[in-house]
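**Q** sequence and computational prediction follow.
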Amino acid sequence: MPITWAGLGESLVTFTTVFLSIFIEAAPFLMLGTLASGLVEVFFNQGDFSRLVPRHPLAAALLGGVLGLAFPVCECGVVPLARRLVRKGLPLSAAIAFLLAAPVVNPIVIASTLAAFGPGPILYSRLGLSLLIAVATGAVFAFQSRPERLLLPASRPVMAGGAPDLHVHLPAASAPAAPLGRRLLRVLAIAVDEFFEMGRYLVAGGLLAAGMQTVVPQAALLGLGSGPVVSVLVLIALAVLLSICSTVDAFIALAFAASFTPGSVLAFLVYGPMVDIKSTLMFLGVFQRRAVVYLIVLPLLMTLLAGLFINLNVAW
Amino acid sequence: MSARAYPLIQALLMAGLGLFLAEKLWSGAVFYYINERFLLLIAFGAAAALALAAGAAWRWWRPAAAHAPDHDHDHDHDHAPARFPIWTVALVALPLALGLAVPARPLGASALASKGLNASGGALLSVSGGAAVQLEIAPEQRTVLDWVRAFNYAEDPAIYTDQPADVIGFVYRTADLRPDQFMVSRFIVTCCAADASGVAMLVDWPQAAALAENTWVRVRGPVRAAALNGQPLPLIAAVTVEPAEQPEHPYMYP
């Protein structure tokens, strides 16, 4: 197609519609996550989590993996909440497992996957694999001798020499109880700060995803559905590009289920909630770059292996 | 700009975002972006944005009160960020700016050209429970999506031949169509416009060339079986093609 002003105008309108659709749908989930983070900051004490969490790193990672059952957040909301939990003393291995597992292992996503695929192998494997990969990745982080050095200074636990929060001073909840109204206002004040901090990554990720979609035709990818290896790679790429919220991605995956291999559909459902364009950018706001590489690559390799194994060995 | 102004800017932007979402809900333009089942989520988003605006306004108005009550004021660090975070503000303001500057329109023919046509309706059929559902709907009531699904799952699409179709969609053309043909198309949206995929029926219509791309039309006529790239595709031998209003819900939900 020749490039014309009218054509450019059309592309801009399409780009804007796709970008705004991602933002409009993800922003409420991000607000939910930052509000949860604000509530944790104001209503939990500094040592609360380190007392409750087991010392053994693997046990801590396991606990982090199922923590999502109590905090139903998707991959946008989980980042600020995980960071807040680390600052409140949750061990890094548990926080990483929480970060990766919570967008799948939570009541909302279980319900939407159940609605889309029914109580069958896709649902159970999605939950099992997400948990397994998240806990394994969390355990790898536990072997770091100085795990807090993987975090950017502002994300470090206060006891480990992290920078004090710019606006809110600890210990917060140990203070003589302020009136409830004032505490709730503080929750809002914390949430709005985090919304800006994480929202900029959401915007940048949404811009990238919308731009990719306007440039890379989806049909070009979808023609590659049947090979046991290529199909897994293609749906992982699509999960990253589309950056769809984990609360609804099961319905999208359903649209691929007929033409793609089961292993690839599962890979889409497992990897997409852990890593996509917008969550990667958010990771960069919390972790050192080296840690972000681990967070992307370890789950990627494990998801690939699992998808391949299922395609070659399991008949559904 | 002084860093002290940051909470004020935050409050204004969040209030703007809340009002922006509320306006999309009020005008119905929210359906250009999302599946209708997320309506409550967006309503929550609008309310939460206004609440966050209140939080930021409070901190701007009473910076001291926004800190923990036992706050020790002996130390000498600044409570506001050292510099005004201009890039953060610019990025968070961008959705609002784009939303106000670019006219709100649902995805149309040009998006279909880059997203590609989903000639089979995908596996979306399994959501609605099989071709039987399509057959239970009277032919005149079937949408473009119903027809595409019915054709895709019929063993012999010829059973639909001469059934009367009456569908609404936008005009879309690909290079391989004859001059007396066009496609009547719709987008299917599961979650938001980011996952939209297009479905279409072919239309035989002598004056097809006179129809502008992307305009909404209502097409009536008997159905025939056709094929596009080896996929069975319903064709309407149009008796009438009339201009139509863009539907309140421009996308269809599987």
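**A** Alright, I've got the coordinates. Numbering: from 1, shown residues only, chains lettered A, B, ... in the order given.
**Q** is stretch A:11-25 in proximity to chain B?
**A** Yes - remark: stretch A:11-25 sits within contact range of chain B at A:11-14, A:16-25, by CB under 8 Å from any CB of the partner chain. (C-beta placed from N, C-alpha, C; glycine too.)
**Q** would you mark the buried spots in that stretch?
**A** Neighbour-count burial for stretch A:11-25 flags A:11, A:13-25 (criterion: 16 or more other CB atoms under 10 Å in any protein chain shown).
**Q** just put these in JSON lines and tack on distance to residue A:126 and pLDDT.
**A** Rendered in JSON lines, the data for the buried residues of stretch A:11-25 read as follows (distance: CB to CB, whole Å; pLDDT from 0 to 100):
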{"residue": "A:11", "distance to residue A:126": "35", "pLDDT": "84"}
{"residue": "A:13", "distance to residue A:126": "36", "pLDDT": "90"}
{"residue": "A:14", "distance to residue A:126": "32", "pLDDT": "90"}
{"residue": "A:15", "distance to residue A:126": "32", "pLDDT": "91"}
{"residue": "A:16", "distance to residue A:126": "33", "pLDDT": "94"}
{"residue": "A:17", "distance to residue A:126": "30", "pLDDT": "93"}
{"residue": "A:18", "distance to residue A:126": "26", "pLDDT": "89"}
{"residue": "A:19", "distance to residue A:126": "28", "pLDDT": "90"}
{"residue": "A:20", "distance to residue A:126": "29", "pLDDT": "94"}
{"residue": "A:21", "distance to residue A:126": "25", "pLDDT": "90"}
{"residue": "A:22", "distance to residue A:126": "22", "pLDDT": "85"}
{"residue": "A:23", "distance to residue A:126": "26", "pLDDT": "89"}
{"residue": "A:24", "distance to residue A:126": "26", "pLDDT": "92"}
{"residue": "A:25", "distance to residue A:126": "21", "pLDDT": "85"}
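**Q** export those residues to CSV and tack on secondary structure and distance to residue B:40?
**A** What follows is the buried residues of stretch A:11-25, written out as CSV (DSSP: H, G, I helix; E, B strand; the rest coil; distance: CB to CB, whole Å):
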residue, secondary structure, distance to residue B:40
A:11, helix, 32
A:13, helix, 27
A:14, helix, 27
A:15, helix, 27
A:16, helix, 24
A:17, helix, 22
A:18, helix, 22
A:19, helix, 22
A:20, helix, 19
A:21, helix, 17
A:22, helix, 19
A:23, helix, 18
A:24, helix, 13
A:25, helix, 12
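**Q** specify which member of those residues is nearest to residue A:275.
**A** Lowest distance from residue A:275 to these (CB to CB) belongs to residue A:22, with 16.1 Å.
**Q** once you drop chain neighbours, what's closest to that closest one?
**A** Once flanking residues are discounted, residue A:22 sits nearest to residue A:206: 4.2 Å by CB to CB, 6 or more residues apart in numbering or on different chains.
**Q** tell me the contacts of that neighbour?
**A** Residue A:206 sits next to A:19, A:22-23, A:26, A:243, A:278, B:95 when contact means CB atoms under 8 Å, 6 or more residues apart in numbering or on different chains.
**Q** ok, back up a step: check the buried residues of stretch A:11-25 and tell me the two furthest apart.
**A** Longest span within the buried residues of stretch A:11-25, CB to CB: A:11 and A:25, 21.5 Å.
**Q** show me chain B divided up by domain.
**A** B:3-101, B:109-252 (automatic domain parsing).
**Q** now these as a markdown table including mean neighbour count, distance to chain A and mean pLDDT?
**A** Putting the domains of chain B into a markdown table (neighbours: other CB atoms under 10 Å in any protein chain shown; distance: least, CB to the nearest CB, whole Å; pLDDT from 0 to 100) gives the following:
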| stretch | mean neighbour count | distance to chain A | mean pLDDT |
| --- | --- | --- | --- |
| domain B:3-101 | 17 | 3 | 85 |
| domain B:109-252 | 19 | 3 | 84 |
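**Q** got JSON lines for these, with distance to residue A:60 too?
**A** Shown next, in JSON lines, are those (distance: least, CB to CB, whole Å):
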{"stretch": "domain B:3-101", "distance to residue A:60": "28"}
{"stretch": "domain B:109-252", "distance to residue A:60": "34"}
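**Q** mind pulling up the pLDDT for whatever residue of the stretch 51-200 of chain A ends up closest to chain B?
**A** Chain B sits closest to residue A:188 of the stretch 51-200 of chain A, with a gap of 2.6 Å, by CB to the nearest CB. Residue-level confidence at residue A:188 comes out at 95, pLDDT.
**Q** contacts only, for the closest residue to it other than its chain neighbours.
**A** The shortest distance from residue A:188 to any non-neighbouring residue, by CB to CB, 6+ apart, is to residue B:55 (2.6 Å). Shown in contact with residue B:55 (CB under 8 Å, 6+ apart): A:185-192.
**Q** what does residue A:303 give?
**A** A:129, A:133, A:232, A:236, A:267, A:270-271, A:274.
**Q** mind checking how far it is from chain B?
**A** Per CB to the nearest CB, to the nearest Å, residue A:303 is found 20 Å from chain B.
**Q** excluding its backbone neighbours, what's nearest that residue?
**A** Distances taken as CB to CB, 6+ apart place residue A:271 nearest to residue A:303, at 4.4 Å, with adjacent residues excluded.
**Q** and the helix or strand hosting that neighbour, how far out from the chain middle?
**A** Residue A:271 belongs to helix A:262-274 when elements are defined using DSSP states H and E. With CA atoms, centre = their mean, to the nearest Å as the basis, helix A:262-274 stands 13 Å off its chain's centre.
**Q** what about that helix, average pLDDT?
**A** On average, helix A:262-274 scores 93.
**Q** pull the distance from whichever helix or strand comes after it to the chain's centre.
**A** Sequence order places helix A:277-284 as the next helix or strand after helix A:262-274, per DSSP H and E. How far helix A:277-284 lies from its chain's middle: 8 Å, per CA atoms, centre = their mean.
**Q** show me which residues of the next helix-or-strand element following helix A:277-284 are buried.
**A** For helix A:277-284, the following helix or strand on the C-terminal side (DSSP H and E) is helix A:289-313. Judged by neighbour count using 16+ other CB under 10 Å, the buried positions of helix A:289-313 are A:291-292, A:294-296, A:298-300, A:302-304, A:306-308, A:310-311.
**Q** that older thread, the residue nearest to residue A:188 falls within a strand, correct?
**A** No - when DSSP: H, G, I helix; E, B strand; the rest coil is applied, residue B:55 is found to be helix, with no strand at that position.
**Q** about what we covered before: tell me which two of the contacts of residue A:206 sit farthest apart.
**A** A:243 and B:95 (14.7 Å).
**Q** what sits closest to the most centrally placed residue in chain A if chain neighbours are left out?
**A** For chain A, the residue nearest the mean C-alpha position is residue A:75 (2.8 Å; CA atoms, centre = their mean). With sequence-adjacent residues excluded and distances taken as CB to CB, 6+ apart, residue A:75 is closest to residue A:103, at 4.2 Å.
**Q** would you confirm that the one you found contacts residue A:246?
**A** Yes - Residue A:103 lies in contact with residue A:246 (CB atoms under 8 Å); the separation is 4.1 Å.
**Q** where do the contact lists of those two overlap?
**A** Common neighbours of residue A:103 and residue A:246, using CB under 8 Å, 6+ apart, are A:74-75, A:109, A:273.
**Q** dump those residues into TSV; add distance to residue B:25 and secondary structure as well.
**A** Shown next, in TSV, are the shared contacts of residue A:103 and residue A:246 (distance: CB to CB, whole Å; DSSP: H, G, I helix; E, B strand; the rest coil):
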residue	distance to residue B:25	secondary structure
A:74	21	coil
A:75	25	coil
A:109	25	helix
A:273	27	helix
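**Q** including distance to residue B:154, could the residues you listed go into TSV?
**A** Shown next, in TSV, are these (distance: CB to CB, whole Å):
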residue	distance to residue B:154
A:74	38
A:75	39
A:109	35
A:273	36
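**Q** these: which two are farthest apart?
**A** Within those, two members stand farthest from each other by CB to CB: A:75 and A:109, at 10.0 Å.
**Q** overlap in contacts of those two?
**A** A:103, A:246, A:273.
**Q** so the first one is in which element?
**A** In this structure, residue A:103 is located outside every helix and strand according to DSSP H and E.
**Q** that concludes my questions; thank you for your assistance.
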